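Visitor: heads up, no residue letters with this:
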């Protein structure tokens, strides 16, 4: 049954009740009043009749008001109180009154809105948590970059200051060795001095390479060719005989704009570090894999509804992030990311060391086994290619180093300001 207006019901019911009382009073007056003889008796009769009519109106009118108004309002207030106390999924039951039904629908709609707002609030809180974590990581990266820059400047100064007397020591050692050979004397100590000086020279050169990497002309290079070259290099040196190696190309990848020897240096360093970590392992295994993933810009719409046909305004939409040097973060804007992973089944990298493993001079090797510059130089070389290197745990139980490099978009990219009808057709390249 559809609800009816409460005002109309009240008017109709109280009108009918009043009419019935007047009719009963009229019949009583018509039947009893002629039999009454004195005025006091007549007045008493009229008074009794009025009181009886009022009592009937009070009893029946009160019952009607309680059934049609008081009880529904009390139930409505109780349901609204439950919703206000946090039971947002509780709902007010339908009412026979049109006015109370309107209130019920409004309160239920308010509860639905509260649930939706609560859901949106939870999503916003989760989004703020993610943003806060990203800001913390970005802050740490900025601090790390500033730290590396200061260390690089200091390293360059130290390398130059050490290089000059070191060259003199090596020269004097060579002269002394020639004199000893002429005099048929023992040159073992001089050879040891020359070897240690060479070792210092390698460290100094590493510092200079870290502080001021060589600027060479880069071009698109297939990462598969670099992996093949590194494998051949390690095989020729006999390094692959010490370990069970697995070289994988999980997916065809785009070329990367880089100097090939830089990626070769990074991969050789990571492979040799993995070999060192696997010393004494009964079944040493190293896996080098090549894969790809979609870039961040792939998740953005290529066009907007109000874009003119034939023109691409993607480059004007601030979809790229600026790096610390003020340029474009190519790893963020690249349509494809090339992944190079080096994993082993060794002891892995402890969590406390992962924050510092790319810092200069940080090493977990024994004294004399390493300088602590290898991974920091690798990080610098990867950043020079527009990428990033990260460390984590592998599914083999050991360490996993992941190199992310921006894939070259190919030769089909043209000036985005040029209309499509003015562009010459270009073959699509992966």
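Guide: That came through fine. As the structure is a prediction and not an experimental result, all values here were calculated from the model. Numbering: from 1, shown residues only.
Visitor: now for residue 68, how many residues are close by?
Guide: Residue 68 is flanked by 19 other residues according to other CB atoms under 10 Å. No exception for glycine: its C-beta is placed from N, CA and C like everyone else's.
Visitor: also residue 82?
Guide: Residue 82: 15 neighbours (other CB under 10 Å).
Visitor: what about it, distance to residue 122?
Guide: Using CB to CB, to the nearest Å, we find residue 82 at a distance of 22 Å from residue 122.
Visitor: what of residue 134?
Guide: 19 Å.
Visitor: likewise for residue 348?
Guide: With CB to CB as the criterion, residue 348 and residue 122 are 36 Å apart.
Visitor: tell me which of those two has more neighbours.
Guide: Set residue 348 next to residue 122 and count neighbours by other CB under 10 Å: residue 348 wins out with 20 against 10.
Visitor: how about the helices in this structure?
Guide: In the chain, the helices defined using DSSP state H lie at 6-32, 39-65, 71-84, 98-182, 188-211, 223-236, 260-277, 330-333, 351-354, 374-384.
Visitor: give the rounded mean pLDDT of the third one.
Guide: Per-residue pLDDT values over helix 71-84 give a mean of 83.
Visitor: by contact count, what packs against it?
Guide: Helix 71-84 sits against helix 98-182, with contacts defined as 3 or more CB pairs under 8 Å, 6 or more residues apart in numbering; DSSP states H and E.
Visitor: packing partners for the helix it packs on?
Guide: helix 6-32, helix 71-84, helix 188-211, helix 374-384.
Visitor: so which of those helices comes closest to residue 265?
Guide: Closest to residue 265 of the helices and strands packed on helix 98-182, according to CB to CB: helix 374-384, at 6.3 Å.
Visitor: I'd like to know which elements that closest one is packed against.
Guide: Helix 374-384 sits against helix 98-182, helix 188-211, helix 260-277, strand 388-393, with contacts defined as 3+ CB pairs under 8 Å, 6+ apart.
Visitor: any chance of TSV for the ones you listed, columns mean pLDDT and distance to residue 220?
Guide: Listed next are the helices and strands packed on helix 374-384 as TSV, based on pLDDT from 0 to 100; distance: least, CB to CB, whole Å:
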stretch	mean pLDDT	distance to residue 220
helix 98-182	80	27
helix 188-211	75	24
helix 260-277	88	11
strand 388-393	90	20
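Visitor: residue 159 contacts residue 200, correct?
Guide: No: using CB atoms under 8 Å, residue 159 is not in contact with residue 200; the gap is 10.4 Å.
Visitor: most tightly surrounded among the helices and strands packed on helix 374-384?
Guide: Looking across those with neighbours counted as mean count of other CB atoms under 10 Å, the highest average goes to helix 260-277: a mean of 20.
Visitor: could you give the separation of that helix from the chain centroid?
Guide: 30 Å (CA atoms, centre = their mean, to the nearest Å).
Visitor: quick one, it and helix 223-236 angle?
Guide: If you take axes from the mean of the first three to the mean of the last three CA atoms, to 10 degrees, helix 260-277 sits at 50 degrees to helix 223-236.
Visitor: which elements pack onto helix 260-277?
Guide: helix 223-236, strand 285-294, strand 336-344, helix 374-384, strand 399-406.
Visitor: so what touches stretch 16-25?
Guide: 49, 50, 53, 56, 57, 60, 61, 64 (CB atoms under 8 Å, 6 or more residues apart in numbering).
Visitor: restrict those residues to the buried ones and give me that as a PyMOL selection.
Guide: Selection of the buried residues among these in PyMOL, burial being defined by 16 or more other CB atoms under 10 Å:
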select buried, resi 49+53+56+60+61
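Visitor: for the contacts of stretch 16-25, name the two members farthest from one another.
Guide: 49 and 64 (22.2 Å).
Visitor: list the contacts of the residue lying closest to residue 256 once chain neighbours are set aside.
Guide: Spatial nearest neighbour of residue 256, excluding adjacent residues (CB to CB, 6 or more residues apart in numbering): residue 405 at 4.7 Å. Contacts for residue 405 (CB under 8 Å, 6+ apart) come out as 223, 256, 258, 263, 331, 337, 338, 340, 382, 385, 386, 387.
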